[in-house]
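Asker: Generate a structure from the sequence data that follows.
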Amino acid sequence: MSIDVSIIMPVRNAAQWLNETFESLMKQIIENINIELSIYNDGSSDETLNIIEQWRKQLELKYKLIVHGYENEEARGVGYGKNRAVQYSSGRFLCFQDADDLMCPNRIHRQYHVAINEKDDAILIGSKYERIPEGSTDRYTQWANNLTEEQLYTQIYLAHGPTLIMPTWFCSRSWFDRLGGFDEIAKGHCEDLTFFFKHLRNGGRLYRVNEILLYYRYHSEATTFSVHEDVIWSVRIQEIQLNIINNLEKLTIWNAGKQGRKFYRSLNDINKHKVICFCDMDPKKISKGFYTDELSQDKRRIPVIHFTQAIPPIIICVKLGLTNNDFETNLSSMNLREGIDYWLFS
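Answerer: Sure, this is the predicted structure:
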């Protein structure tokens with residue numbers, strides 16, 4: 001029997017979540033879809049493996065179950081665990097599932113039928129989601145669930161991470177293999193973001209099913225919190241330079257404050273010299289007149305101007321939703337085109 005979909009689930013010390021997660025998997029609608037569940041245990045020291053074994057018979061009524069890994073050892077990383085779970089699986093498509101999240105009953109059915117109707121395999125399919133506990137990270141959730149089709153591509157440099165959140169990803173095995181899988185760095189690496197950028201650099205497309213197909217759990221032990229923001233910043237800076245700034249002759253940075261200056265200092269020397277000015281709406285920042293690059297040999301002075309005088313292209317280093325909508329109103333008044341005249345980096 002050929003397998004249509006492999007659920008890819010790396011686990012590490014997930015005992016407190018697995019019963020709920022497996023309950024959600026047992027509720028999946030799988031009519032005419034052959035599915036396997038590939039679990040890779042990345043050195044768990046709690047009751048993770050025992051709980052998997054307690055569920056084995058029930059899970060095998062619905063799925064082909066594959067369990068690999070090891071216990072009581074140092075973790076080799078989320079990327080490693082995902083890659084091994086993929087390696088031991090055989091499905092045509094891969095459905096990524098975190099051990100602490102809950103699938104809605106129609107998740108696999110909806111994403112599978114999108115995938116099989118695509119003209120090629122170079123597509124990453126996600127979905128909308130709900131946070132549990134309810135109300136967690138409201139601003140992030142509203143952002144991710146309400147991006148337009150165009151913004152899935154234009155807002156990829158924001159600190160939020162991939163515009164399709166990783167726990168909802170569904171893709172073809174053939175495309176995953178061509179991209180080489182996830183980075184395998186043990187701790188503190190944003191393997192989902194680097195894979196996402198690699199997907200786009202290689203011409204991959206994005207598609208979001210505009211239905212809630214996942215309950216995405218927020219808790220203090222999530223692996224997200226093991227990734228330092230400086231690591232994510234470095235990956236984002238590298239990507240926006242590669243895709244956007246390297247191709248520009250000049251640019252304006254919107255934000256003469258801390259984030260704008262940090263962005264400028266993070267650029268390579270060639271791209272620093274493309275910055276013609278900073279712009280802002282704060283009179284105090286504008287009144288200073290210049291930002292001095294103290295690290296440059298010539299102590300370069302870069303003008304600080306009012307945002308209404310800004311000349312595109314503009315890299316915007318202002319956080320969204322934090323200024324009583326003042327920033328958004330100001331940006332809208334300039335009639336600029338996102339992805340052409342400006343890009344968000346905040």
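
Asker: Check which helices and strands the longest strand belonging to the chain is in contact with.
Answerer: Using DSSP state E, we find that the single longest strand of the chain is strand 205-217. Using 3 or more C-beta pairs under 8 Å, 6 or more residues apart in numbering; DSSP states H and E, the elements in contact with strand 205-217 are strand 102-103, helix 107-115, strand 123-132, helix 151-154. Where you see a C-beta, it was placed from the backbone N, CA and C, and this is true even at glycine.

Asker: Restricting the selection to alpha carbons, write the longest one to PDB.
Answerer: These are the backbone C-alpha positions of strand 123-132, laid out as PDB (Å, rounded to 0.1, in the frame of the first residue of the first chain):
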ATOM      1  CA  ILE A 123       4.500  24.800  -2.900                       C
ATOM      2  CA  LEU A 124       4.300  25.200   0.800                       C
ATOM      3  CA  ILE A 125       0.800  25.000   2.200                       C
ATOM      4  CA  GLY A 126      -0.300  26.400   5.500                       C
ATOM      5  CA  SER A 127      -3.500  27.500   7.200                       C
ATOM      6  CA  LYS A 128      -5.000  29.800   9.700                       C
ATOM      7  CA  TYR A 129      -4.900  28.800  13.400                       C
ATOM      8  CA  GLU A 130      -6.100  29.500  16.900                       C
ATOM      9  CA  ARG A 131      -3.900  29.900  19.900                       C
ATOM     10  CA  ILE A 132      -4.300  27.900  23.100                       C
END
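
Asker: Buried ones in that strand, by neighbour count?
Answerer: Neighbour counts over strand 123-132 (16 or more other C-beta atoms under 10 Å) mark 123-129, 131-132 as buried.

Asker: Residue 210 is nearest to which of the helices and strands packed on strand 205-217?
Answerer: strand 123-132 (6.1 Å; C-beta to C-beta).

Asker: Downstream of that closest one, the next helix or strand is which one?
Answerer: Downstream of strand 123-132, the first helix or strand assigned by DSSP states H and E is helix 138-146.

Asker: quick one: that next one to strand 205-217, angle?
Answerer: Calculated by axes from the mean of the first three to the mean of the last three C-alpha atoms, to 10 degrees, helix 138-146 forms an angle of 140 degrees with strand 205-217.

Asker: Output helix 138-146 as CSV, restricted to C-alpha atoms.
Answerer: Output of helix 138-146 as CSV, limited to C-alpha atoms (Å, rounded to 0.1, in the frame of the first residue of the first chain):
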residue,chain,number,x,y,z
ASP,A,138,-3.2,38.1,19.9
ARG,A,139,-1.2,40.6,17.8
TYR,A,140,0.9,37.8,16.2
THR,A,141,-2.2,35.7,15.5
GLN,A,142,-4.1,38.6,13.9
TRP,A,143,-1.1,39.3,11.7
ALA,A,144,-0.6,35.8,10.5
ASN,A,145,-4.3,35.0,9.9
ASN,A,146,-5.1,38.2,8.1
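
Asker: Need the contact partners of that helix.
Answerer: 128-131, 158, 160, 163, 165, 320-321 (C-beta atoms under 8 Å, 6 or more residues apart in numbering).

Asker: Do me a favour and average the pLDDT over that helix.
Answerer: Here helix 138-146 scores 94 as its mean pLDDT.

Asker: Now that helix: buried residues?
Answerer: 140-141, 143-144.

Asker: Closest one to residue 248 out of the residues you listed, please.
Answerer: residue 143 (25.7 Å).

Asker: how about the buried residues of helix 138-146, which pair is most distant?
Answerer: 141 and 143, at 7.2 Å, using C-beta to C-beta across the buried residues of helix 138-146.

Asker: Show me the shaky parts of this protein.
Answerer: Along the chain, the model assigns pLDDT under 70 to residues 186, 220-226.

Asker: Over to residue 72: give its phi and psi.
Answerer: Dihedral pair for residue 72: phi 50, psi 40, per degrees, to the nearest 10.

Asker: what are the phi and psi angles of the nearest residue to it once chain neighbours are set aside?
Answerer: The shortest distance from residue 72 to any non-neighbouring residue, by C-beta to C-beta, 6 or more residues apart in numbering, is to residue 45 (5.1 Å). Torsion angles at residue 45 (phi, psi; degrees, to the nearest 10) stand at phi -120, psi 10.
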